[in-house]
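Trainee: Have a look at this fold, sequence not included:
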């Protein structure tokens, strides 16, 4: 099987001193590609360096809504050369009503600036969205999405919300939440986006699967997420691996 981890954060300090091992274990687990996403401008160069260092790692550059600082709206222009630098996406970007700071209007301004830039340079987007799906749709209506679309990672909406976002050429990646198998809403949503708009992710080191919640969460744990998806969909792990990898190759133009 060839797998793609559509979203994680190899930049995390939790991997300091063990990144080589983490990537080697990911390859042994069947990962042909890992897309690692920066969350602040200060990480952009490190993210690109990780993609240069490891054969299976690809870079995504963005400003996460939780970590916006003064001046970041102006710093968005620094992403203009992202594609030429080797990035395959703009992200992690997004909107979050579940946090009090930074103010939502600041989040929206920085998100929309990044979305517009992604459209200009035609890189797909990796979107974080919590409690703000209506506002996300409003932004998409006004600005659109890149021709190559993008993903809403760790998607928490229902099937109806998925359908409304799919109109804007967005797909959806899910990870550790799949291993909490007691959600009827999530099962219905997953069945509505499979096969064409479903990707696998780990979001490591965040959101570990239940089977690995007490250890350092790494991209190799995608196998637990694959197993859970197989159980929910009633489809073989091999078929889901093939399908989600195909979707990742299409969206991010990976050369695997």
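Mentor: Looks like it came in fine. Bear in mind that the values here come from a model prediction, so they are computed numbers and not experimental data.

Trainee: so how far does stretch 92-105 reach from one end to the other?
Mentor: Counting by C-alpha to C-alpha, to the nearest Å, you get 18 Å between the two ends of stretch 92-105.

Trainee: contact partners of it?
Mentor: Residues from elsewhere that reach stretch 92-105 (C-beta atoms under 8 Å, 6 or more residues apart in numbering): 7, 37-39, 60, 62-66, 68, 107-108, 110-111, 114-115, 125-132, 135-136, 139, 153. In this view, the C-beta of every residue, glycine as well, is placed from N, C-alpha and C.

Trainee: Could you pick out the buried ones from these?
Mentor: Neighbour-count burial within the contacts of stretch 92-105 applies to 7, 37-39, 60, 62-66, 68, 107-108, 110-111, 114-115, 125-130, 132, 135-136, 139, 153; the criterion is 16 or more other C-beta atoms under 10 Å.

Trainee: A helix includes residue 127, no?
Mentor: No: assigned with DSSP: H, G, I helix; E, B strand; the rest coil, residue 127 falls outside any helix and is strand.

Trainee: Tell me how far it lies from residue 60.
Mentor: 11 Å (C-beta to C-beta, to the nearest Å).

Trainee: shared neighbours, the two?
Mentor: By C-beta under 8 Å, 6+ apart, the residues touching both residue 127 and residue 60 are 91, 92.

Trainee: Residue 4 pairs with what?
Mentor: residue 33 (DSSP bridges).

Trainee: Verify the stated contact: it with residue 31.
Mentor: Yes: using C-beta atoms under 8 Å, residue 4 makes contact with residue 31 at a distance of 7.0 Å.

Trainee: Those two - which one has more neighbours?
Mentor: Applying other C-beta atoms under 10 Å to residue 4 and residue 31 shows that residue 4 carries more neighbours, namely 30 against 24.

Trainee: tell me the contacts of the more buried one?
Mentor: Residue 4 neighbours (C-beta under 8 Å, 6+ apart): 31-35, 199-200, 244-245, 248-249, 254, 256.

Trainee: One more pass at 7 Å, please.
Mentor: 32, 33, 200, 244, 245, 248 (C-beta atoms under 7 Å, 6 or more residues apart in numbering).

Trainee: Could you name the specific helix or strand carrying residue 60?
Mentor: strand 57-61 (DSSP states H and E).

Trainee: Give me the helices and strands touching that strand, please.
Mentor: strand 31-37, helix 44-53, strand 89-96 (3 or more C-beta pairs under 7 Å, 6 or more residues apart in numbering; DSSP states H and E).
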